[in-house]
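J.: Turn this into a structure:
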Amino acid sequence: MHPLNPGRPTVKPGLFGFHRREIVTLLGIATLSSCLPAMGGCSLLTKAREDDEAAEKKLQKLLVAPDPPELIRQAVVANGLTFVSVEGVAAVNGLPGTGGPVAPSIYRDQLVEEMKKNDVPDPHGFLERAETALVRVQGIIPPGARRGDPIDVRIISPPKTAATDLHGGWVMDTRLRQQQRLEGAVRTSDVLALAMGPLLVRADHDNGNDSELLLQGLVLGGGRVQQDRKMGLVIRPEYQHVKVASQLASAISDRFFFFDGSTRTGIAKAIEDDFIEIEIHPRYRRNIHRLMAVVSMISPQGESSASQGKLVELGQRINEPTTASDAALQLEAIGESAIPTLVSAVKNPNREIKFYAAQALAYLDRNDAIEPLMEAARDEPAFRYPALVALEGMDGRAALDALTSLMDQPSIETRYGAMRSIRRRPDRDSILRSTTMSAGYRLYRVPSTAPPFIAVSLSETPEIVCFGEDSAVAIDDFLIGPSGIVIRPGEGASGRLRISRFVPGQEDRRAEVPATIEGLLIGIASVGGGYGESIAILRTAKTNKQITCGLAVDPLPEAQRTFHRDQKTDSTDPSLPPQDISPVSTKESKGHWWSFWKSEETKDSDS
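T.: Prediction:
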């Protein structure tokens, strides 16, 4: 018996005192070891050693954070600043017999599928009615949009439509998605926006007799964003480290924060070692690109003994026109301690330097910015839009008074731009008075010492704004508008207008009103005319010289004009004479709807 294991038989020791079984095992190990080089065993061991060394290096790299950059912009790239195009297919209802059967197409298939999902009874029968048309709906979601934000949507009819006129139509509820062609197939996103509302036909506000204008249009503010668009900073590879990400986010939140009730909340949050999420600060809601530009100028190292030297350097740079813009952003990023430097720069006689310094001061809510921003909006078209946006967001009565005074300027885009900025402010009701018309838009009467003119909106919200005194309407014979509206002079005493509307199958409607712009618009609404009919009649009256005041379609300042440093700008605004409503004057390119999708339509037709 085996002395340690009674169940194991005793085996006599063999060579060198080893048992036979143990000798066989050792020989097997030796043989395997001798074969390993032939089998690549050395290379396997070497690779394992190299992997261990690489893992050790990676660990050391993770333990040692890179040195932070001088400015955040050296370590990051902004993410989420693009505009997103969304589209869908919708039915237009309520047409006065100008629709028609929808021909078979991919658009019809898409619409029927959507209608079935929403439990619409008999969708095929609905699309055969003369009161119905099929349209494509397109919108643009801007950077930083939040759920519930309104967007304008564009309406176009597909080829071979049976519809002849979209006047009076209502765009029914439709879902808008982003669409991209990948690997030969069209891929769609989740629902990013919903759209519905009354349709403003392009023929009402655009020159020309092309029948296609009757089949295109807008729904102003008719879209609603369904998902928040995230903003953030992508950290460059050489700075990707959890400690660096945390340090950058902390520096941003120290500079920009807001109070959620009683809690202070910073706008930056490090999500990963390569991404920092940015929440839009309320002060920059109307200028998101500027917020991201200022954030990129923050120093992650905070204030130090070198900070005063940095302020001196930036004070020199802001007083040089070629570096003033960049220096102003850096000073704005520093915050309160940079205010004296900016206040000094705003007194510089150079209008470019003065504007950049004033713009930075405005976002720091300093009243020193108000006077130079007023001057920039009044005299320099290239600075007008950013100056108005900066004034719009400033707290206090002084900024509101400045915008109010700009509504007395001869430039109609300055006046209307200032009015729009006031309308977006929470204290607007102390300045603006409006009437909600039954036609579905707001009518504003704005006092102004400048010559009277009328502005109509093609963006954000339907509105007609009358600046100055209520002008007379002189119709000696008649004026024919769209949708069966006819306007004649009143009987008997002068100074009155008779407005009639004749629609087949409906009772005739009539109204008599004062022969003024406001009276004319009230009369159009009382006989059932809408926003589009009101615009079309104003344009016809202007063309026929039946009204003498100026008329402009969406005369807003352009956002990206170029400032020519070596060219003196005349103080009078050449962009839009009050009496001119031609296509050149209204600058259709500003209403980017018709040009933005031109390439997309070309691609569709090619395919």
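J.: Return the residues in contact with the nearest residue to Pro158 once chain neighbours are set aside.
T.: Excluding the flanking residues, the one nearest Pro158 by Cβ to Cβ, 6 or more residues apart in numbering is Tyr107, at 5.1 Å. Where you see a C-beta, it was placed from the backbone N, CA and C, and this is true even at glycine. By Cβ atoms under 8 Å, 6 or more residues apart in numbering, the residues touching Tyr107 are Val89, Leu134, Arg136, Pro158.
J.: again, only using 10 Å
T.: The contact partners of Tyr107, by Cβ atoms under 10 Å, 6 or more residues apart in numbering, come to Gly88, Val89, Ala90, Leu134, Val135, Arg136, Ser157, Pro158, Pro159, Thr161.
J.: which of the residues you listed are buried?
T.: The neighbour-count test (16 or more other Cβ atoms under 10 Å) marks Gly88, Val89, Ala90, Leu134, Val135, Arg136, Ser157, Pro158, Thr161 as buried among these.
J.: of all these, which comes closest to Ala333?
T.: Gly88 (40.7 Å; Cβ to Cβ).
J.: Roughly how far does the closest one sit from Arg177?
T.: 6 Å (Cβ to Cβ, to the nearest Å).
J.: same deal with Ile431?
T.: Ile431 is 40 Å from Arg177, by Cβ to Cβ.
J.: Do you know the pLDDT at Ser483?
T.: Per-residue pLDDT puts Ser483 at 88.
J.: Now do the contacts for it.
T.: 96, 165, 167-168, 201, 204, 501-503, 524, 527-530, 532-533, 536-537.
J.: Quick check: which element contains the residue nearest to Pro158?
T.: helix 106-117 (DSSP states H and E).
J.: Now tell me what touches the helix or strand following that helix from outside.
T.: Per DSSP H and E, the first helix or strand lying C-terminal to helix 106-117 is helix 123-126. The contact list for helix 123-126, computed with Cβ under 10 Å, 6+ apart, reads 91, 93, 102, 108, 111-116, 120, 132, 172.
J.: would you say Ala270 is within a strand?
T.: Yes: counting by DSSP: H, G, I helix; E, B strand; the rest coil, Ala270 is located in a strand.
J.: was I right about it contacting Ser246?
T.: Yes: using Cβ atoms under 10 Å, Ala270 makes contact with Ser246 at a distance of 5.0 Å.
J.: and for those two, which residues touch both?
T.: Ile276.
J.: the more surrounded of these two?
T.: A direct count of neighbours by other Cβ atoms under 10 Å for Ala270 and Ser246 places Ala270 higher, at 22 against 16.
J.: Overlap of the contact sets of Gly88 and Arg177?
T.: Common neighbours of Gly88 and Arg177 (Cβ under 10 Å, 6+ apart) are Thr188, Val191, Leu192, Ala193.
J.: Asp52: helix or strand, and which one exactly?
T.: Per DSSP H and E: helix 41-63 holds Asp52.
J.: no wait, Ile151
T.: Using DSSP H and E, Ile151 falls in strand 150-156.
J.: Who does that strand pair with, and is each partner parallel or antiparallel?
T.: Here strand 150-156 is paired, per DSSP bridges, with strand 133-141 (antiparallel), strand 216-225 (antiparallel).
J.: Can you tell me the centre-most residue of this protein?
T.: Nearest to the geometric centre of the chain sits Pro142, at 2.5 Å (Cα atoms, centre = their mean).
J.: Surely that one and Phe83 touch.
T.: Yes: taking contacts as Cβ under 10 Å, Pro142 lies within contact range of Phe83: 5.8 Å.
J.: Show me just the buried residues among the shared contacts of Gly88 and Arg177.
T.: Leu192, Ala193.
J.: Could you pick out which of the shared contacts of Gly88 and Arg177 are located in helices?
T.: Among the shared contacts of Gly88 and Arg177, none falls in helices (DSSP state H).
J.: show me what contacts Gly532?
T.: 166-169, 198-205, 217-218, 439-441, 462, 481-483.
J.: and with 7 Å instead?
T.: His167, Leu200, Val201, Asp204 (Cβ atoms under 7 Å, 6 or more residues apart in numbering).
J.: do the same with Gln110
T.: So Gln110 contacts Val89 (Cβ under 7 Å, 6+ apart).
J.: cutoff 10 Å now
T.: Contacts of Gln110 (Cβ under 10 Å, 6+ apart): Gly88, Val89, Ala90, Leu134, Arg136, Thr188.
J.: just to revisit the earlier point, report the buried members of the contacts of Ser483.
T.: The buried subset of the contacts of Ser483 (16+ other Cβ under 10 Å) comprises 96, 165, 167-168, 201, 204, 501, 503, 524, 527-530, 532-533, 536-537.
J.: Report the contact partners of the residue nearest to the centre of the chain.
T.: Taking Cβ under 10 Å, 6+ apart, one finds Leu81, Thr82, Phe83, Val84, Asp149, Ile151, Val225, Arg229, Ile288 in contact with Pro142.
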